[in-house]
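Trainee: I would like the atomic coordinates for the input below:
(2 chains)
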Amino acid sequence: MILAAVDLQAILLSAKVGSVATLLALPLGFAAAWLLVFGTFRGKLLLELVCNLPLTLPPVVVGYLLLLLLGVQGPLGSILEPLGIRIIFTWKAAVIASLVVGFPLLVRSIRLSMEAINPQLLQAARSLGAGPLDLVLTMILPLSRRGILAGSSLFFARSLGEFGATIIIAGNIPGVTQTLPLAIYDYAAAPSGEGAALALCAVSIVLALAVLLLHETILQRTKGT
Amino acid sequence: MELQLQLCKQQGAFLLDIDLAIRGERVGIFGPSGSGKSTLVSLITGLAQPDAGRILLDGELLFDSQSRKNLPPEQRRIALVFQSHALFPHLTVRQNLLYGYRRCPAGERRIELGEVAAVLGLTPLLDTDPATLSGGERQRVALGRAILSSPRLLIMDEPLSALDDDLRYRIIPYLKLTAERFSIPFVFISHSLVEMRLMTEQVAVLERGRLTNWCTPDTLARLRMGTSPVGYINLLELGPPQEEQGLLSFPWAGRQLLLSGAVGNQPGLFELSSKDIILCKRHPEAISARNLLPCTVKLLFESGSKTGVQLDCNGACLIADIVPAAVQELQITPGSTIWAAIKASAFRRL
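Mentor: Model prediction:
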């Protein structure tokens, strides 16, 4: 089983997109989960819906909406364009697609962990002099690490598989925005691509298994905390 | 310590309505579950907000609904010890103990880790994971952690309820002596009258969200004697015992008390219900009860349908409860001498 240079690029790009998306999503996901669990504000239901919407929405719809938003004529794209920042049809677009589509998984996982924190621990910390930010850093963050780690691994796996939103907003340019699933799509559509498609599928399976294994290990290791 | 509370808090159908000034170093809040004790704690510490009212601690305003003042809990310097210990599971014992210490302004710190760890017997445990500790050890860490934050006030919210009976009364001296040693005033919350009597000097009684009494714990115990199923609990400190006729003979008030059953052969604190003391006008020639003590009647008091008889027994105090008809028959008046008969099996170790 020999992989062509483009295939390797696709694998590396997928890993890069997945890693960058995970790193960007973590602080956002943590903040969203914190707001949903500990926040008392109007519009909490709205935030909850927005956070969960990409889970039920077809990724193609997400991709199309992002394209409208970030396109050169779009409300955000037209602001970024004069600054020399172009997102669509670059690898950054693939990151954003992954970020939006995988976000609900991450938030859900962190949120479950935060909800499981014994409220008396937080009350004790406050009565011992911890202010709100101190509380987040020394209590909520370490006490929800199980959800943060488990959610990140799930999120990373989801972004490795991201297809629908990515193909719309990032396109399918070999060596530039062609991630692993997009490369498989190309091979599957080509008349003699069966062998190469299978080889990349095998890589996908190995990666997915590795991430799931990591996920399970995290859950086992952090049991009871 | 002086804590002034004027509070109103509606929670569903439950209304907490308190107007009380608490003065003293060892104060209790006594009440059955559902009386509003925990709500009151969360209002004093600032973890919840009253609907209206004000809270002053030693003259400093912590909360005032009129001037919209509300000092956040982390600035009130009121430490809490919970029933469930609430030790931080991701920190070692040492880090737990130092959590509040590090957050206390340097100028206000007056208690050091080494001293507290030594007093509470935690020195060998400092680098362990709290999950490996026993219930009693956890409670001591929770207490040490609270004390090390050099609080102006320590609130202990049912701190003993999660512990086994025999452990509970072994922890009490720790709680009391540690707070005294580091001169931290405390408010002790409990639904146990015996705990109150061992821990506090003054008690606020809370019932259905309202303050119904403010008195000494002993007065409260006398008031409740007539209605309590266990009567009044006499607390007796007994010395080291010796075996005698298959029973254990403990010195108490210059006399020997005979105890039977599995009471253990160590000195300690024992309880004896006022219901288990039988009074006789004259020395009965033969009686199955193994303890027969000559006493002087100090005073009589009414409690519900019962009459309490306070006895002076060689300088020590015992309270027996009898029905008013028996008072007539025995012609008990203050100053009269009487015999108190107590079965060897009536004592229970705390």
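Trainee: spit out the contact partners of the residue lying closest to residue B:94 once chain neighbours are set aside.
Mentor: Ranked by Cβ to Cβ, 6 or more residues apart in numbering or on different chains and with sequence neighbours excluded, the top spatial neighbour of residue B:94 is residue B:126, at 4.3 Å. Just so you know, the C-beta spots here come from the backbone N, C-alpha and C atoms, and that holds for glycine as well. If a contact means Cβ atoms under 8 Å, 6 or more residues apart in numbering or on different chains, then residue B:126 has B:92-94, B:97, B:117 as its contacts.
Trainee: apply 10 Å and report the result again.
Mentor: In this structure, residue B:126 makes contact with B:92-98, B:113-114, B:117, B:141, judged by Cβ atoms under 10 Å, 6 or more residues apart in numbering or on different chains.
Trainee: going toward the C-terminus from the helix or strand containing residue A:37, what's the next helix or strand?
Mentor: Assigned by DSSP states H and E, residue A:37 belongs to helix A:5-38. Once the chain leaves helix A:5-38, the next helix or strand it forms, by DSSP H and E, is helix A:44-56.
Trainee: could you check that following helix and say which residues are buried?
Mentor: A:51-52, A:54 (16 or more other Cβ atoms under 10 Å in any protein chain shown).
Trainee: dump those residues to CSV, plus pLDDT and distance to residue B:40.
Mentor: Putting these into CSV (pLDDT from 0 to 100; distance: Cβ to Cβ, whole Å) gives the following:
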residue, pLDDT, distance to residue B:40
A:51, 92, 37
A:52, 92, 39
A:54, 93, 45
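Trainee: wait, residue B:248 sits on residue B:239?
Mentor: No: at 11.2 Å, residue B:248 does not count as touching residue B:239 under the criterion of Cβ atoms under 10 Å.
Trainee: show me which of those two is the more surrounded one.
Mentor: Set side by side, residue B:248 and residue B:239 show more neighbours around residue B:248, with 21 against 14, by other Cβ atoms under 10 Å in any protein chain shown.
Trainee: let's verify that one: helix, strand, or coil?
Mentor: Following DSSP: H, G, I helix; E, B strand; the rest coil, the label given to residue B:248 is strand.
Trainee: any idea which of the buried residues of helix A:44-56 is closest to chain B?
Mentor: Using Cβ to the nearest Cβ, the shortest approach to chain B within these belongs to residue A:51, at 26.3 Å.
Trainee: quick check: chain neighbours aside, which residue is closest to that closest one?
Mentor: The shortest distance from residue A:51 to any residue that is not its chain neighbour, by Cβ to Cβ, 6+ apart, is 5.0 Å, and that residue is residue A:107.
Trainee: could you do residue B:251 as well?
Mentor: Across the structure, with Cβ to Cβ, 6+ apart as the measure, the residue nearest residue B:251 apart from its sequence neighbours is residue B:239 (3.9 Å).
Trainee: same check, this time on residue B:116
Mentor: Among residues not flanking residue B:116 along the chain, residue B:144 sits closest, at 4.7 Å (Cβ to Cβ, 6+ apart).
Trainee: residues near the one you found, how many?
Mentor: The burial count assigned to residue B:144 is 27, neighbours taken as other Cβ under 10 Å.
Trainee: would you mind measuring from the residue lying closest to residue A:13 once chain neighbours are set aside to residue A:152?
Mentor: Beyond its immediate neighbours in the sequence, the residue positioned closest to residue A:13 (Cβ to Cβ, 6+ apart) is residue A:179, lying 5.4 Å away. Counting by Cβ to Cβ, to the nearest Å, the gap between residue A:179 and residue A:152 amounts to 19 Å.
Trainee: who's in contact with the residue of the stretch 251-350 of chain B found nearest chain A?
Mentor: Of all residues in the stretch 251-350 of chain B, residue B:350 sits closest to chain A, at 27.5 Å by Cβ to the nearest Cβ. In this structure, residue B:350 makes contact with B:165-166, B:168-170, B:172, B:194-195, B:198, B:233, B:235-236, B:268-271, judged by Cβ under 10 Å, 6+ apart.
Trainee: of these - the most surrounded one?
Mentor: The member of the contacts of residue B:350 surrounded by the most neighbours (other Cβ under 10 Å) is residue B:195, with 25 neighbours in all.
Trainee: doesn't residue B:169 make contact with that one?
Mentor: Yes: in this structure, residue B:195 is within contact of residue B:169 by Cβ under 10 Å, at 8.6 Å.
Trainee: what do these two both touch?
Mentor: Where contact means Cβ under 10 Å, 6+ apart, the residues bridging residue B:195 and residue B:169 through contact with each are B:160, B:350.
Trainee: which residues in the stretch 51-200 of chain B form helices?
Mentor: Taking DSSP state H, counting those that start in this stretch as the test, the helices found in the stretch 51-200 of chain B are B:73-76, B:93-103, B:113-119, B:135-148, B:165-181, B:193-199.
Trainee: and the contacts of the third one?
Mentor: So the one you mean is helix B:113-119. So helix B:113-119 is in contact with B:93-94, B:97-98, B:101, B:111-112, B:122-126, B:140-141, B:143-148, B:174, B:177-178, B:181-182, going by Cβ under 10 Å, 6+ apart.
Trainee: give me the buried stretch members for that helix, please.
Mentor: Within helix B:113-119, the residues scored as buried using 16+ other Cβ under 10 Å are B:113, B:116-117, B:119.
Trainee: ok, now the first one?
Mentor: Residues of helix B:73-76 classed as buried under the neighbour-count rule (16+ other Cβ under 10 Å) are B:73-74, B:76.
Trainee: with respect to residue A:183, which of those is nearest?
Mentor: When the buried residues of helix B:73-76 are compared for distance to residue A:183 (Cβ to Cβ), residue B:74 wins out at 53.7 Å.
Trainee: phi, psi of residue B:150?
Mentor: Reported as degrees, to the nearest 10, the phi and psi values for residue B:150 are phi 40, psi 60.
Trainee: in CSV, list the buried residues of helix B:113-119 along with distance to residue B:213 and pLDDT.
Mentor: Formatted as CSV, the entries for those read as follows, by distance: Cβ to Cβ, whole Å; pLDDT from 0 to 100:
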residue, distance to residue B:213, pLDDT
B:113, 40, 95
B:116, 35, 92
B:117, 39, 93
B:119, 34, 89
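Trainee: contact partners of stretch B:240-258?
Mentor: B:236-239, B:259-261, B:263-268, B:270, B:272, B:289-294, B:312-318, B:342-345, B:347.
Trainee: sort out which of those residues are in helices and list them.
Mentor: Applying DSSP state H to the contacts of stretch B:240-258, no entry is found in helices.
Trainee: mind giving me the PyMOL select for these, buried ones only?
Mentor: What follows is the PyMOL syntax selecting those of the contacts of stretch B:240-258 that are buried according to 16+ other Cβ under 10 Å:
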select buried, chain B and resi 236+238+259+263+268+270+272+289+290+291+293+312+313+316+318+342+343+344+347
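Trainee: among the contacts of stretch B:240-258, which are in strands?
Mentor: Using DSSP state E, the members of these that fall in strands are B:236-238, B:259, B:268, B:270, B:272, B:291-294, B:312-313, B:316-318, B:342.
Trainee: surely residue A:50 meets residue A:32?
Mentor: Yes: under the criterion of Cβ under 10 Å, residue A:50 lies in contact with residue A:32, with a separation of 8.9 Å.
Trainee: any common contacting residues for those two?
Mentor: A shared contact of residue A:50 and residue A:32, defined by Cβ under 10 Å, 6+ apart, is any residue touching both; here these are A:103-104.
Trainee: related to what we said a few turns ago, contacts only, for the residue nearest to residue B:116.
Mentor: B:81, B:93, B:96-98, B:100-101, B:111, B:113, B:115-117, B:119-122, B:174, B:178.
Trainee: likewise residue A:206?
Mentor: Residue A:206 makes contact with no residue under the criterion Cβ under 10 Å, 6+ apart.
Trainee: pretty sure it sits in a helix.
Mentor: Yes: residue assignment for residue A:206, taken from three-state DSSP, places it within a helix.
Trainee: and it, how far from residue A:179?
Mentor: Residue A:206 is 16 Å from residue A:179, by Cβ to Cβ.
Trainee: where does the residue lying closest to residue A:22 once chain neighbours are set aside fall, helix, sheet strand or coil?
Mentor: For residue A:22, the nearest residue in space outside its immediate sequence neighbours is residue A:156; the separation is 4.9 Å by Cβ to Cβ, 6+ apart. Assigned with three-state DSSP, residue A:156 falls in the helix class.
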